[in-house]
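> Need coordinates for the following:
(2 chains)
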Amino acid sequence: MDRASNPDLAAEVKDTLIKVLELGVDREHLDDRTSLYSPVVGLDSLSLLHFLVAIEKRYGIEIDDEDVMAAKLSDVGSLVDLIRRVTEADGAGH
Amino acid sequence: MHEVFRLGADQVPTHWYNILADLPVEVPAPRPAPRPAPPGNGREGPLRPQLPLSMYRPSVGTTRFIAIPEPVRAEYQRWRPTPLYRASRLEKALDTPAHLYFKYEGTSPSGSHKINTALAQAYYYGRSGVREMVTGTGAGQWGTALSMACHPYGMACTVFMVRSSHRQKPYRGTLMRLNGAEVIESPSDRTEVGRAALRADPGSPGSLGIANAEAIEYANAREGARFSIGSGENHVLMHQTVIGEEALLQMEAAGEFPDVVIAAMGAGSNFAGLAFPFYRAASSGSTGTRFLAVEPDACPKMTRGSYLMDHTDYSGVTPMVKMYTLGHTFMAYHIHAGGLRYHGAAPIVSAMYHHGLVEATSYGQTKVFESGAAFARAEGIVPAPESAHAVAAAIDEALRAREERSSRVVLFGLSGHGLLDLGAYESHLSGETVDVVPTDEEIQASLAPLIEAP
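Numbering: from 1, shown residues only, chains lettered A, B, ... in the order given. Just a heads-up that it's a prediction; the model follows:
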């Protein structure tokens, strides 16, 4: 299955977020509109990078610096969008 | 007897060393800053990654050697490899059987080791589309290095410099401005953090913690700007390993291996840069080599601090890391070695110290300047006040060798020259240098909030 059409990407991203940040919540608690600063997620600039390294390992990709630096990340949905963009650009199979 | 060990430009390391590949102890992961965060730190807008991912990635992995990007290595080759000296005249002056060697980083364009990571960081940030680097600096060596490093990549540079150092070392500011940087005395009225510090104490001498907090707030408010730091982060330590990698080759040329490796300890990059490659080499044999970090009595994070989760900045915005710390609100008394006034030790160095893999000691600045002056008279190089801490410990090792009538090989890092610190040496010569030491109560006061809510 092509990653560009991977319908499970959002779920996978949320699962990775929960695991890497040890959030201790179910995926259902991570609505797309959940703020990255919220008590549920509590992301900061360093844990974001920690999460992205985990994403890179999961999908076997290297995310470009510019894609990360230019991203406007405010909620879980925007994070999913970033990962969708970089994985689609990478173009490898899932 | 050879006294200077030089390498060719082709021997500039091709790789940085990542000690995480060989460390037998755990370095605890950072923890996000607790919420709610104080205002004015960027939490209101979108989350802004502060580090280029390509720079961060190798610093948390376990790949042993990380290729140095060719443009960075080409910049290194403008002055690297730096020389390693046998301090034979100091040995003679001390009448010691010890063999003393020092690796000298003062030949760099900025006059210290700091430019090793500044160039690397500027390369990665520039490649990421960042147009302005913002930072805090204590004694000014990091600010100088960053202002120089931004040049090749066409980036602007803004430096918040600790007020006490800015006034005591005006030429540091001049040097940064010559390199196109805007230099702002900290605490300043440019940021909420600075204004709060000035309200609390209009005469505040400032601290590196406040300067960094100001730089973070300032950078977060500017499009295309990012905060950069050259202290104790994993990637910074890694960039500095070019020092030790060269020194390994140079000690091999000298036909000796150090029994003790000594370096001054601010946040830890200078110490790590020299010590880590020797740790790797020593681990594969049975040399029994000791690694000694030297800090000032005025800021004794390792020898008197606690191993706790703490912020790396004064305002508590940054993620928390496990480190030996005096508390992020600790305000060290003013000393001439401003670069060693940082409240915490690098997480990797802290973990090694916690598990007994490295040692630490501290000195008062009177003895530090006596040692620096003795070194200058013997070797003809004026050490930076920070570097003179390593000199003091090396001299003590040499004197112990004399007392015990046993030889030993001592390698110490001379991280920078002190030619912009002559005012400090003048104070020493005039007998005006005083030792300042925090009380137990002062240390406990800044540690208490961390112990109560670790």
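> Who are the contact partners of the residue of chain B found nearest chain A?
Distances between chain B and chain A by C-beta to the nearest C-beta are smallest at residue B:128, namely 3.7 Å. The C-beta positions use only the backbone N, C-alpha and C, and glycine is treated the same way. Residue B:128 makes contacts with A:65-66, A:68-69, B:52, B:54, as judged by C-beta atoms under 8 Å, 6 or more residues apart in numbering or on different chains.
> now it, nearest residue through space, not along the chain?
With C-beta to C-beta, 6 or more residues apart in numbering or on different chains as the criterion, residue B:128 has its nearest non-adjacent residue at 3.7 Å, and that residue is residue A:65.
> who wins for neighbours among the contacts of residue B:128?
Sorting the contacts of residue B:128 by how many neighbours each has (other C-beta atoms under 10 Å in any protein chain shown) puts residue B:52 first, at 25 neighbours.
> ok, the residue of chain B closest to chain A to residue B:52 distance?
Using C-beta to C-beta, to the nearest Å, we find residue B:128 at a distance of 4 Å from residue B:52.
> Same check on residue B:320?
Following C-beta to C-beta, the distance that separates residue B:320 from residue B:52 is 22 Å.
> again with residue B:234
Residue B:234 is 14 Å from residue B:52, where distance means C-beta to C-beta.
> Same question for residue B:286.
The spacing between residue B:286 and residue B:52, counted by C-beta to C-beta, is 40 Å.
> Same check on residue B:29?
Using C-beta to C-beta, one obtains 20 Å as the distance from residue B:29 to residue B:52.
> got it, and residue A:36?
Distance from residue A:36 to residue B:52, by C-beta to C-beta: 19 Å.
> Repeat that for residue B:184.
Per C-beta to C-beta, residue B:184 is found 24 Å from residue B:52.
> In chain B, where's the longest helix?
Among the elements of type helix in chain B, defined by DSSP state H, the one spanning the most residues is helix B:385-404.
> elements contacting it?
Contact analysis of helix B:385-404 by 3 or more C-beta pairs under 8 Å, 6 or more residues apart in numbering or on different chains; DSSP states H and E lists helix B:88-94, strand B:99-104, strand B:260-264, strand B:290-296, strand B:359-363, helix B:365-379, strand B:409-414 as its packing neighbours.
> Quick check: which of these is nearest to residue B:142?
strand B:260-264 (13.9 Å; C-beta to C-beta).
> ok, the closest one: who's next to it in the sheet?
When pairs are called by DSSP bridges, strand B:260-264 turns out to pair with strand B:290-296 (parallel), strand B:409-414 (parallel).
> so what's residue B:233 up against?
Going by C-beta under 8 Å, 6+ apart, the list of residues near residue B:233 reads B:59, B:346.
> tell me the pLDDT at residue B:315?
Per-residue pLDDT puts residue B:315 at 74.
> That one in helix, strand or coil?
coil (DSSP: H, G, I helix; E, B strand; the rest coil).
> from memory it sits against residue B:213, does it?
Yes. Taking contacts as C-beta atoms under 8 Å, residue B:315 lies within contact range of residue B:213: 3.9 Å.
> And stretch B:217-225, what's buried?
By neighbour count, with 16 or more other C-beta atoms under 10 Å in any protein chain shown as the criterion, the buried positions of stretch B:217-225 are B:217-220, B:225.
> Torsion angles phi and psi at the closest residue to residue B:349 other than its chain neighbours?
Beyond its immediate neighbours in the sequence, the residue positioned closest to residue B:349 (C-beta to C-beta, 6+ apart) is residue B:268, lying 4.1 Å away. Recorded main-chain torsions at residue B:268 are phi 130, psi -10, according to degrees, to the nearest 10.
> Residues of chain A that sit close to chain B?
Residues of chain A that fall close to chain B, judged by C-beta under 8 Å from any C-beta of the partner chain: A:21, A:36-37, A:39, A:42-50, A:52-53, A:56, A:62-63, A:65-66, A:68-74, A:78.
> What subset of those residues is buried?
Buried residues within the residues of chain A next to chain B, counting neighbours by 16+ other C-beta under 10 Å: A:21, A:36-37, A:42-50, A:52-53, A:63, A:65, A:68-69, A:71, A:73, A:78.
> Inside strands: which ones of those residues?
When DSSP state E is applied, those are split such that none fall in strands.
> thinking again about what came up before, with secondary structure and pLDDT added, can I get the buried residues of stretch B:217-225 in TSV?
As requested, the buried residues of stretch B:217-225 are exported to TSV (DSSP: H, G, I helix; E, B strand; the rest coil; pLDDT from 0 to 100):
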residue	secondary structure	pLDDT
B:217	helix	92
B:218	helix	96
B:219	helix	94
B:220	helix	89
B:225	strand	95
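> Any chance of CSV for these, columns distance to residue B:417?
CSV is the format used below for the buried residues of stretch B:217-225 (distance: C-beta to C-beta, whole Å):
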residue, distance to residue B:417
B:217, 33
B:218, 30
B:219, 30
B:220, 35
B:225, 31
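> could those be laid out in CSV, adding distance to chain A?
Compiled in CSV, the buried residues of stretch B:217-225 are given as follows (distance: C-beta to the nearest C-beta, whole Å):
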residue, distance to chain A
B:217, 13
B:218, 15
B:219, 11
B:220, 10
B:225, 11
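> Which of the residues you listed sits closest to residue B:301?
residue B:217 (24.3 Å).
> Would you check that the closest one makes contact with residue B:193?
Yes. The pair residue B:217 and residue B:193 passes the contact test of C-beta under 8 Å, sitting 5.4 Å apart.
> Quick one: low-confidence residue ranges for chain A.
Applying pLDDT under 70 to chain A flags residues A:1-7, A:91-94.
> What segments of it are helices?
Counting by DSSP H, the helices of chain A are A:9-20, A:45-59, A:65-70, A:76-90.
> Please compute how far the strand or helix carrying residue B:120 lies from its chain's middle.
Following DSSP states H and E, the helix or strand that holds residue B:120 is helix B:115-127. Mean C-alpha position of helix B:115-127 versus that of the full chain (C-alpha atoms, centre = their mean, to the nearest Å) differs by 16 Å.
> Then stretch B:172-190?
The chain centroid and the centroid of stretch B:172-190 are separated by 20 Å under C-alpha atoms, centre = their mean.
> Tell me, how many residues neighbour residue B:209?
31.
> go on, residue B:402?
With other C-beta under 10 Å as criterion, residue B:402 counts 16.
> Just confirm it contacts residue B:97, I think it does.
Yes. Taking C-beta under 8 Å as the definition, residue B:402 is a contact partner of residue B:97 at 6.6 Å.
> what's the spacing between residue B:360 and residue B:377?
Counting by C-beta to C-beta, the gap between residue B:360 and residue B:377 amounts to 28 Å.
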